[in-house]
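[1] only the shape, not the letters, is given here:
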């Protein structure tokens, strides 16, 4: 997903001086977040302040949550913020990227509702679904209000693509807090993964969440170092055509950073932005016809599927030499893509997958987790 967040914290910290003079508030950790740009966690004696500073792209609004076992004896200045009693006893999630954190923290039993259950791939959560412990809450693109209210979740973990939050405001009016999780807005591999600390706060398992994340950082940096000084950096193409437009990651995007860290030369790494490029087929072909590798060609699972969709794909060198790799091969029991659910929480494994493709000698005998060659 900076100087601004430290300025915001300073103003907030000064405000704490307005509390009752009989209380003493001690800062334990100024901000325990290192990589994520949209999340801040400030621990004090007796409570934690969690701030979502970038709930969606280009957001100007922030959200602050006060998390504690009790709201008694909190500084007066904090009562204007949403209070969350922790550990959270149950919740409704709205994105499959939330699921791996529940699994890692052994809190899957707290999940009681989700929209579009078929997208969830986690085996342990699917068992809960089959037993009826997790309810289907979909209502087209939103949570069904009546079904969700009937469940009476302690909190809803929300996701909003923009400032239009009316679909969640109705739940807040009904007394159910909505906590915005913006892991998807982060653009760095480790920044996304650090959002497990968000759930660490909610379940009062900050130490466990931090240990889990630190182990991922260690593995990521170890793998990255193995190809840091490689002389050969193969050229890499990504994306595919949809309705006559070729969409591919911009140079500052999540996948572009993975390719770079894995010792690859992403051909559009010099472009600005963290989203997607929209290009013509001719523009892409001119620049990438001789690319060594093609990573993430949409949701195709085979070369035949690609040719059926666009016969011109066969003109690329990477296609001809069978160097096309997809993250759409592995699916859960009900068809959900495992990459979409788990990859953001395990960037170390995504990185190793790519290294094994670009520089197989660096990781001998490695078996890919997410990214595999097309059939």
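    Great, that's in hand. These figures come from a predicted structure and were not determined experimentally.
[2] so how far is stretch 228-245 off the chain centroid?
    22 Å (CA atoms, centre = their mean, to the nearest Å).
[3] next, the buried residues of that stretch.
    Buried residues in stretch 228-245, counting neighbours by 16 or more other CB atoms under 10 Å, are found at 230, 233-241. Placement of C-beta: from N, CA and C, glycine included.
[4] neighbours of the nearest residue to residue 70 once chain neighbours are set aside, how many?
    Residue nearest to residue 70 in three dimensions, not counting chain neighbours: residue 85, with 7.3 Å by CB to CB, 6 or more residues apart in numbering. Residue 85 is surrounded by 16 other residues when neighbours are defined as other CB atoms under 10 Å.
[5] and residue 85, how far from residue 106?
    Plainly put, residue 85 is 20 Å away from residue 106 if you go by CB to CB, to the nearest Å.
[6] could you give the bridge partners of the residue nearest to residue 70?
    Under DSSP bridges, the beta-bridge partners of residue 85 are residue 68.
[7] show the contacting residues for it.
    67-71, 154 (CB atoms under 8 Å, 6 or more residues apart in numbering).
[8] where does this protein dip in pLDDT?
    Applying pLDDT under 70 to the chain flags the ranges 1-29.
[9] same thing but at 50, please
    1-24 (pLDDT under 50).
[10] list the buried residues in the longest helix anywhere in it.
    As assigned by DSSP state H, the longest helix anywhere in the chain is helix 206-226. Buried residues in helix 206-226, counted by 16+ other CB under 10 Å: 206, 208-210, 212-213, 216-217, 219-220, 223-224, 226.
[11] so which of those residues is the closest to residue 254?
    Distance to residue 254 across those (CB to CB) is lowest for residue 220, with 13.2 Å.
[12] find the nearest non-adjacent residue to the closest one, please.
    That would be residue 348: by CB to CB, 6+ apart, it lies 4.3 Å from residue 220.
[13] secondary structure element for the closest residue to residue 187 other than its chain neighbours, which one?
    Using CB to CB, 6+ apart and skipping the chain neighbours, the partner closest in space to residue 187 is residue 274 (4.1 Å). Following DSSP states H and E, one finds residue 274 outside all helices and strands.
[14] how many neighbours does residue 274 have?
    Neighbours of residue 274 (other CB under 10 Å): 18.
[15] domain assignment for this protein?
    Taking automatic domain parsing as the domain assignment, the ranges for the chain are 3-217, 229-373.
[16] next one: the shortest one to chain centre, how far?
    Mean-position distance between domain 229-373 and its chain equals 18 Å (CA atoms, centre = their mean).
[17] do stretch 182-192 as well
    That offset, for stretch 182-192, works out to 5 Å (CA atoms, centre = their mean).
[18] pull the residues that contact that stretch.
    1, 35-39, 52, 54-57, 95, 97-98, 159, 194-195, 198, 216-217, 220, 252-254, 257-258, 261, 274, 344-345, 347, 350-351.
[19] which of these are buried?
    The buried subset of these (16+ other CB under 10 Å) comprises 1, 35-39, 52, 54-56, 95, 97-98, 159, 194-195, 198, 216-217, 220, 253-254, 257-258, 261, 274, 344-345, 347, 350-351.
[20] phi first, then psi, for the residue nearest to residue 31 when sequence neighbours are not counted.
    Closest residue to residue 31 apart from its sequence neighbours, by CB to CB, 6+ apart: residue 40 at 5.2 Å. Dihedral angles of residue 40 (phi, psi; degrees, to the nearest 10) stand at phi -130, psi 140.
[21] quick one: the strands in the stretch 151-300 of the chain?
    For the stretch 151-300 of the chain, strands defined by DSSP state E, counting those that start in this stretch occupy the ranges 155-158, 178-180, 235-238, 240-242, 245-249, 265-266, 276-279, 293-295.
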